[in-house]
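Chemist: Got a predicted structure plus its sequence, pasted below:
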Amino acid sequence: PGNTKVAKSTAVPPGPPVYLDLVYIPNHSNRKNVDVEFFKRVRSYYYVVSGNDSAAEEPSRAVLDSLLEGKAQWESNMQVTLIPTHDSEVMREWYQDTHEKQQELNIMVLASSSTVVMQDESFPACKIEL
């Protein structure tokens, strides 16, 4: 019919997995853009998780849980490293609540105490070697 609207999906369509070395989780790790299907399909050794806005619940706990659920469905148990760009309460709570599951799935969360100083600004940093 002429007035039927088609809903636009932001989820990753079904299909074979894609293997990458490094993936930046899109849109500040917002659950509207990243779900279990994303992690079932987009398989990486490293995932960068951004987001430091606690009011917007970034990074999203649902996205972090989706990583666990998606990776549990992989055929292999390759090591995955999660690299948060900011220290956040959501990340700390998720890490503590799911630490046993992370170990079972071979997921490591990097914590960095390194700081980069540029001009008059300093910020946390993490070195990745591929």
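Modeler: Ah, there it is.

Chemist: Geometrically speaking, which residue is the centre of this protein?
Modeler: Residue closest to the mean C-alpha point of the chain, counted by Cα atoms, centre = their mean, is Val49 at 4.6 Å.

Chemist: ok, it to Pro17 distance?
Modeler: 20 Å (Cβ to Cβ, to the nearest Å). For every residue, glycine as well, the C-beta is placed using N, CA and C.

Chemist: what does Gln102 give?
Modeler: 20 Å.

Chemist: Which of those two has more residues huddled nearby?
Modeler: Counted by other Cβ atoms under 10 Å, Gln102 and Pro17 do not tie: Gln102 has more neighbours, with 20 against 13.

Chemist: quick check: mean pLDDT across stretch 102-111?
Modeler: Model confidence over stretch 102-111, given as mean pLDDT, is 93.

Chemist: Start the count at 3 instead of 1 going forward.
Modeler: Taking 3 as the first residue, the last one we looked at is stretch 104-113.

Chemist: first to last residue in it, what's the distance?
Modeler: End-to-end distance of stretch 104-113: 15 Å, with Cα to Cα, to the nearest Å as the criterion.

Chemist: Quick check: buried residues in that stretch?
Modeler: Within stretch 104-113, the residues scored as buried using 16 or more other Cβ atoms under 10 Å are 104, 107, 109, 111.

Chemist: I'd guessed the first one sits against Met110; true?
Modeler: Yes. In this structure, Gln104 is within contact of Met110 by Cβ atoms under 8 Å, at 7.4 Å.

Chemist: hey, which helix or strand in this structure has the poorest pLDDT?
Modeler: Sorted by mean pLDDT, DSSP states H and E, the helices and strands of the chain end with helix 28-31, the least confident at a mean of 61.

Chemist: Check the secondary structure at Val92 for me.
Modeler: The local conformation at Val92, judged by DSSP: H, G, I helix; E, B strand; the rest coil, is helix.
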